[in-house]
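need the 3D shape of this:
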Amino acid sequence: MQDLTTLLAQAGAIIFDCDGTLVNTPPIYARAWMAGLRCSGRAITAEWYLARAGMSEYVLMDAFEAETGLRLDRQQVVATMRAVFFEALPELQEIAAVTRIARDKHGRLPMAVASGGPKAIVRPTLEVTGLSGLFDTVVTIEDVGHAKPAPDLFLEAARRLGVPPARVLVFEDTREGLEAAGRAGMQALDVADILSPQ
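Below is the predicted model of the structure:
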């Protein structure tokens, strides 16, 4: 694995995941999904959510239904989950080790956010943390056909930036996201390597 300085020097563009990469949303999402899925009559733990934190909404609900055998009222679950998430927006904190890089490269490299989350959550998350102005484009699950680990989100972001995938550096925090970046033909960095350097 090349070091961060080398990867940044070689990059023609940077794409950041949002949740768990730029912003510490997983603890808030865990609370929100616990409330949303409670509608089913079956409670989940924060740990259950955190083990699946890289999943888009519909993929997460697919997993819940497959594991429990229950059928969700998906509209109700999502409405409840999002309401709890939005209440907690003022609590959101950026992940400074990553956002420092985004701020440093702003105006020097094309940059995008590519998130498996919905636009209705991703955009307010970036706005409330003061990050939205750093990026040339934001791609969310509504913009593409498939969630990570499919490469679609990253390929669409690279297309919008006008940079070939091989010249893109991706910052990600989940297995699904890192796999998606690899499948897109992009260099990827696990943010855990920045937060806990070896």
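
now the longest helix along the chain: buried residues?
Within the chain, and with DSSP state H defining each element, the longest helix by residue count is helix 74-87. If you call a residue buried by 16 or more other Cβ atoms under 10 Å, then helix 74-87 has these buried ones: 77-78, 80-82, 84-85. (Glycine included, C-beta is placed from N, CA and C.)

where's the lowest-mean-pLDDT helix or strand in the chain relative to the chain centroid, distance-wise?
Every helix and strand in the chain was compared by mean pLDDT, DSSP states H and E; the lowest is helix 192-195, with a mean of 90. Here helix 192-195 is found 16 Å from its chain centre; the criterion is Cα atoms, centre = their mean, to the nearest Å.

in it, what counts as buried?
Applying a neighbour-count criterion of 16+ other Cβ under 10 Å, the buried positions in helix 192-195 are Ile194.

in CSV, list the C-alpha atoms belonging to the longest helix of the chain.
Once side chains and other backbone atoms are set aside, the C-alpha atoms of helix 74-87 remain, and they are given as CSV (Å, rounded to 0.1, in the frame of the first residue of the first chain):
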residue,chain,number,x,y,z
ARG,A,74,-40.8,0.2,3.8
GLN,A,75,-42.3,3.6,3.5
GLN,A,76,-43.1,3.7,7.2
VAL,A,77,-39.6,2.4,8.1
VAL,A,78,-37.8,5.0,6.0
ALA,A,79,-40.0,7.9,7.1
THR,A,80,-39.4,7.0,10.8
MET,A,81,-35.7,6.5,10.3
ARG,A,82,-35.2,9.7,8.4
ALA,A,83,-37.3,11.7,11.0
VAL,A,84,-35.0,10.5,13.8
PHE,A,85,-31.9,11.2,11.7
PHE,A,86,-33.0,14.8,10.8
GLU,A,87,-33.7,15.5,14.5
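
from the chain's centre, how far out does it sit?
Averaged C-alpha coordinates place helix 74-87 at 18 Å from its chain's average position (Cα atoms, centre = their mean).

Phe16: neighbour count?
27 (other Cβ atoms under 10 Å).

next one: Ala181
One way to gauge burial is a neighbour count; for Ala181, by other Cβ under 10 Å, it gives 28.

now do the same contact list for it.
Ala181 makes contact with 15, 151, 154, 170, 172, 187-188 under the criterion Cβ atoms under 8 Å, 6 or more residues apart in numbering.

hang on, the earlier thing: pull the CA atoms of the least confident helix or strand of the chain into PDB?
As requested, the backbone C-alpha atoms of helix 192-195 are provided in PDB (Å, rounded to 0.1, in the frame of the first residue of the first chain):
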ATOM      1  CA  ALA A 192      -9.200   3.400   9.000                       C
ATOM      2  CA  ASP A 193      -5.600   3.700   7.700                       C
ATOM      3  CA  ILE A 194      -5.700   7.400   8.200                       C
ATOM      4  CA  LEU A 195      -7.500   7.300  11.600                       C
END
